[in-house]
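In: Pasting the sequence and the predicted coordinates here, then a few questions.
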Amino acid sequence: MFDVAKIRQDFPILSKTVYGKPLVYLDNAATSQKPRQVIQALVDYYEGYNSNVHRGVHALSMEATQRYEEARQKIADFIGAGSSEAVIFVRNTTEAINLVAGTWAVANLKTGDEILTTEMEHHSNLVPWQKLAKEKGIVLRFVPVTDQGTLDISNLDSLLNERTRLVAFNHMSNVLGTINPVDELTRAARAKGALVLLDGAQSVPHMPVNVQELDCDFMAFSGHKMMGPTGIGVLYVKPSIMDQMEPFLRGGEMVKQVWLEDATWNDLPMKFEAGTPNIADTIALGAAVDYLQALDMSQVRQHETQITAYALESFRELKEDLEMYGPEDLNIRGGIVSFYAHDVHPHDLGTMLDREGIAIRAGHHCAMPLVRDRLGKAATARASFYVYNTEEEVDQLVEALKQALRFFKGRAT
Amino acid sequence: MEELDELYQEVILDHYRNSRNNTPLPSPDIEYDGFNPFCGDEVVLQLKLADGAVKQAGFHGQGCSISQASASMMTDLLKGKTLEEAIALSEVFRRMMSGQEPSEEELEMIGDLEALKGVCKFPVRIKCALLPWAALEDGITEYRSQA
């Protein structure tokens, strides 16, 4: 059974007070909190077997290597990768996408080739492609966003053609919470022979994800949004494609043999992990995956759907004062609620909620083309939920929001 | 809520709601687009000069109450000031934002801007208050380098 009170006890930070008020942490789309089990995994590594991985013949190195590679296997199992060789460790989603842009795309895309992405991407799945577009004459096309906050896939035929080599989009929008139609987009991409890159930064932490069922070629996500430490992320690459890819960074660890003038590459996926890797954080990410597996990802998704439904319902009484974003259909909506209060700028709202102990995010959420050009706002406020959030916390958010509205409306008019 | 009351004083909310000089100026002598990439706040500052002094000051953009009120008050104060005086004013304001108590003489200089003093208790919001001032300083630097 999904016991939120029990889950909360695993997260030391949730018993903290902020300005004398209990912390209400609603900024999970930016980063999640960490359970004791993850923090302990870091301590265990540094206190018990800190050493460098691979090639070491001493006991500590063998243990570190074993735990490091175990973590890779756990993550491969968690996303249904089939083989641990398909999992490359990177720093975060941004680095994962840069790896694809800097290796596969540079080698395979020619002037005039096209990449299809969307208007609702995080900058991490946009700016790397802009670089390619400028340097190699690649054409970028964008799936538009409807007024309901979904992708408008009615015109996919005009956006895809024989020159489309990659379709790159987010599985779940970090602003709208929209869960995008992977099946339709992937089918359309396949029909034109294009590969598919999924930005799973918001989906992998919050719902069951199986890369083989989704049939994507690349999937990028970050450890820190799924209870793991910062500084560790994952790039899944379909093995048949990874095999064809040149290394990203070059140096130690990623080589097999080195001569003065030449070198050969290590086995997959180590070929893509140059230098001493982020051992401690990788092992702790493995602990985070254990934690999520024990909770069961479909239960995680169900809990967040309930909280989101409750939040959307609670916000309804403020509908005169708020502009709400994202689809209302909870089947295609994750635990993200972005809104704009007509009378209180998001930053002012963020400051006022902060004084009540409530952490939300205010800004463009690293998706300026969506927020500025599509929603027409320089910033929105965003509450985002995770396994430890409760309906009581939503009540507190709504209460503090009403108070902020009263404050600004009452005094400013 | 005491600190919030201090942050959001009536005079600040008034400058936010009814911003002064919030219209684009035709053919300004100095124009600088102040933009905060972290939050998306923007203040485009425009100055028309005559005889080495600010004849007209205007701004447009979007952002929180603090950045917009700061721009509103700043443009009010800039009128009639030489560029040297404008920079001196900016230095006084920056000192206040760093937590230094303004002197009697400085208080006289800054007028309504004193209301923004409470911002320094909210470190992440200081950059909001400074946004138009950074645009002023950068705009003057750019103007002088072109002259």
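Out: Now that the structure is in, tell me what you want to look at. Numbers count the residues shown, from 1 in each chain, chains lettered A, B, ... in the order given.

In: Residue A:70 is in contact with residue A:84, correct?
Out: No - under the criterion of CB atoms under 8 Å, residue A:84 is not in contact with residue A:70, lying 9.2 Å apart. All C-beta atoms are positioned from the backbone trio N, CA, C, and that covers glycine.

In: How about residue B:131, nearest residue that isn't a chain neighbour?
Out: Distance criterion CB to CB, 6 or more residues apart in numbering or on different chains; nearest residue to residue B:131, sequence neighbours excluded, is residue B:67 at 4.6 Å.

In: The one you found should be in a helix, yeah?
Out: Yes - using DSSP: H, G, I helix; E, B strand; the rest coil, the assignment for residue B:67 is a helix.

In: In CSV, list the C-alpha atoms belonging to stretch B:7-24.
Out: Written as CSV, here are the backbone C-alpha positions of stretch B:7-24 (Å, rounded to 0.1, in the frame of the first residue of the first chain):
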residue,chain,number,x,y,z
LEU,B,7,9.2,44.7,1.0
TYR,B,8,5.9,45.5,-0.6
GLN,B,9,5.3,49.0,0.7
GLU,B,10,2.4,51.0,-0.7
VAL,B,11,4.6,53.3,-2.7
ILE,B,12,6.2,50.3,-4.4
LEU,B,13,2.9,48.8,-5.3
ASP,B,14,1.7,52.1,-6.6
HIS,B,15,4.7,52.5,-8.9
TYR,B,16,4.1,48.9,-10.1
ARG,B,17,0.4,49.4,-10.8
ASN,B,18,0.7,52.9,-12.1
SER,B,19,4.2,53.0,-13.5
ARG,B,20,5.5,56.4,-14.4
ASN,B,21,7.3,57.0,-17.7
ASN,B,22,6.2,53.6,-18.9
THR,B,23,6.0,54.6,-22.6
PRO,B,24,8.5,54.1,-25.4
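
In: rewinding a little: so how many other residues sit close to the residue nearest to residue B:131?
Out: 27 (other CB atoms under 10 Å in any protein chain shown).

In: Domain map for chain A?
Out: Here the domain parsing of chain A from automatic domain parsing is A:4-30+A:296-412, A:39-293.

In: Around the residue in the stretch 51-200 of chain A that chain B sits nearest to, how many other residues sit close by?
Out: Using CB to the nearest CB, the point where the stretch 51-200 of chain A gets nearest to chain B is residue A:123, with a distance of 10.5 Å. Here the count is done by other CB under 10 Å, and residue A:123 has 15 residues near it.

In: got it, and residue B:141?
Out: The burial count assigned to residue B:141 is 13, neighbours taken as other CB under 10 Å.

In: Sticking with it, tell me its helix or strand.
Out: Element membership for residue B:141 (DSSP states H and E) is helix B:126-146.

In: That helix - contacts with which helices or strands?
Out: In terms of contact count using 3 or more CB pairs under 8 Å, 6 or more residues apart in numbering or on different chains; DSSP states H and E, helix B:126-146 is assigned the packing partners strand B:30-35, strand B:42-50, helix B:65-78, helix B:83-97.

In: any idea which of these is most buried?
Out: Neighbour counts (mean count of other CB atoms under 10 Å in any protein chain shown) averaged over each of these peak at helix B:65-78, with a mean of 26.

In: For that helix, list the C-alpha coordinates in PDB.
Out: Output in PDB follows, covering the C-alpha atoms of helix B:65-78 (Å, rounded to 0.1, in the frame of the first residue of the first chain):
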ATOM      1  CA  SER B  65       6.600  44.500  -8.800                       C
ATOM      2  CA  ILE B  66      10.200  45.200  -7.600                       C
ATOM      3  CA  SER B  67      11.900  45.500 -11.000                       C
ATOM      4  CA  GLN B  68       9.100  47.600 -12.500                       C
ATOM      5  CA  ALA B  69       8.700  49.900  -9.500                       C
ATOM      6  CA  SER B  70      12.400  50.400  -9.400                       C
ATOM      7  CA  ALA B  71      12.400  51.400 -13.000                       C
ATOM      8  CA  SER B  72       9.400  53.700 -12.500                       C
ATOM      9  CA  MET B  73      11.100  55.500  -9.600                       C
ATOM     10  CA  MET B  74      14.400  55.600 -11.300                       C
ATOM     11  CA  THR B  75      13.100  57.200 -14.500                       C
ATOM     12  CA  ASP B  76      11.300  59.800 -12.400                       C
ATOM     13  CA  LEU B  77      14.500  60.800 -10.600                       C
ATOM     14  CA  LEU B  78      16.700  60.800 -13.700                       C
END
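
In: list the helices and strands that helix packs on?
Out: helix A:346-354, helix B:10-17, strand B:42-50, strand B:53-62, helix B:83-97, helix B:126-146.

In: how long is stretch B:56-75 from one end to the other?
Out: Between the opening and closing residues of stretch B:56-75 we find a distance of 8 Å, counting by CA to CA, to the nearest Å.

In: and it, how far from the chain's centre?
Out: Per CA atoms, centre = their mean, to the nearest Å, the displacement of stretch B:56-75 from the mean C-alpha position of its chain is 6 Å.

In: Low-confidence ranges, the chain, go.
Out: No chain in the question, so chain A it is. When the per-residue scores of chain A are filtered using pLDDT under 70, the ranges that remain are A:411-413.

In: not what I meant, chain B
Out: Counting by pLDDT under 70, chain B has low-confidence residues at B:1.

In: residue contacts, residue A:41?
Out: In this structure, residue A:41 makes contact with A:283-284, A:286-287, judged by CB atoms under 8 Å, 6 or more residues apart in numbering or on different chains.

In: rewinding a little: with distance to residue B:71 as extra columns, can I get the domains of chain A in a markdown table?
Out: Compiled in a markdown table, the domains of chain A are given as follows (distance: least, CB to CB, whole Å):
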| stretch | distance to residue B:71 |
| --- | --- |
| domain A:4-30+A:296-412 | 13 |
| domain A:39-293 | 27 |
